[in-house]
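Q: take a look and give me a structure for this.
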Amino acid sequence: MYKFSIDYPKVCRVEFNPKSRRESGDIVFHFPDREKLYISWGDLDIAKKRFQTPENQAEQGIKRIMKGRTVNRKESEKVTQDSLEIQMHKAVYNRIKLEEMLPGLFFSKKRIVTREAHSVHLHCEKTSRYFVIYSLLSPNAPEDFGTLLLTMARSFKCH
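A: Predicted structure coming up:
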């Protein structure tokens, strides 16, 4: 439909944002264990005004997540940053650990949850689009979900 594809497990329920168009939009893959994986895309020329490379875009994304109201910045960290090649494009994979404080009136160690965020950023000159494949995992996410995200990302075809 939007001239890109990705291999995903048959157990997923796929939901298209009704406002999505070929130029920009997002899709969410719902997994039975309540985890979600997203693909977002947009106009590469617009993105390049702010981020010259996928690395710049990934760094800005991490900074935005770390600035979240509920994120304990002192206990959150970038765990992994790797380069990938996806359909002959250089892509950037990041995995960060977040410590989040759950909403409530009083601060308590019991109200802190550790989550992971995984993201893959790539720029495709041929389609003039950028793509971000990402997931913010729940505390009880399967340990191999990051591996699944990378397997799906490596299957991604942007043109």
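
Q: please make it C-alpha for all contacts and neighbour counts, starting now.
A: OK.

Q: quick check, central residue of the chain?
A: The centre of the chain sits closest to residue 134, judged by C-alpha atoms, centre = their mean, with a distance of 1.5 Å.

Q: please, which helix or strand holds it?
A: Per DSSP states H and E: residue 134 is located in strand 129-136.

Q: show me what the biggest helix by length in the chain is in contact with.
A: Across the chain, the longest stretch assigned as helix under DSSP state H is helix 54-66. If you take C-alpha atoms under 8 Å, 6 or more residues apart in numbering as the criterion, helix 54-66 is touched by 50-51, 71-73, 76, 90-92, 94, 96, 98, 119-123.

Q: just those: which are in strands?
A: Taking DSSP state E, the ones among the contacts of helix 54-66 that sit in strands are 90-92, 94, 96, 98, 119-123.

Q: about what we covered before: what packs against the strand holding residue 134?
A: Strand 129-136 is packed against strand 36-43, helix 44-50, strand 112-124, with contacts defined by 3 or more C-alpha pairs under 8 Å, 6 or more residues apart in numbering; DSSP states H and E.

Q: tell me the mean pLDDT over the last one?
A: Spelled out, it's strand 112-124. For strand 112-124, mean pLDDT is 92.

Q: dump it to PDB, restricted to CA.
A: Output in PDB follows, covering the C-alpha atoms of strand 112-124 (Å, rounded to 0.1, in the frame of the first residue of the first chain):
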ATOM      1  CA  ILE A 112       9.600   2.600  39.800                       C
ATOM      2  CA  VAL A 113       9.600   0.300  36.800                       C
ATOM      3  CA  THR A 114      12.500  -0.500  34.500                       C
ATOM      4  CA  ARG A 115      11.600  -0.500  30.700                       C
ATOM      5  CA  GLU A 116      13.600  -0.800  27.500                       C
ATOM      6  CA  ALA A 117      13.200   1.200  24.300                       C
ATOM      7  CA  HIS A 118      14.500  -0.200  21.100                       C
ATOM      8  CA  SER A 119      14.700   1.800  17.800                       C
ATOM      9  CA  VAL A 120      16.000   1.600  14.300                       C
ATOM     10  CA  HIS A 121      16.400   4.700  12.200                       C
ATOM     11  CA  LEU A 122      17.100   4.800   8.500                       C
ATOM     12  CA  HIS A 123      17.000   7.300   5.700                       C
ATOM     13  CA  CYS A 124      16.000   6.300   2.100                       C
END
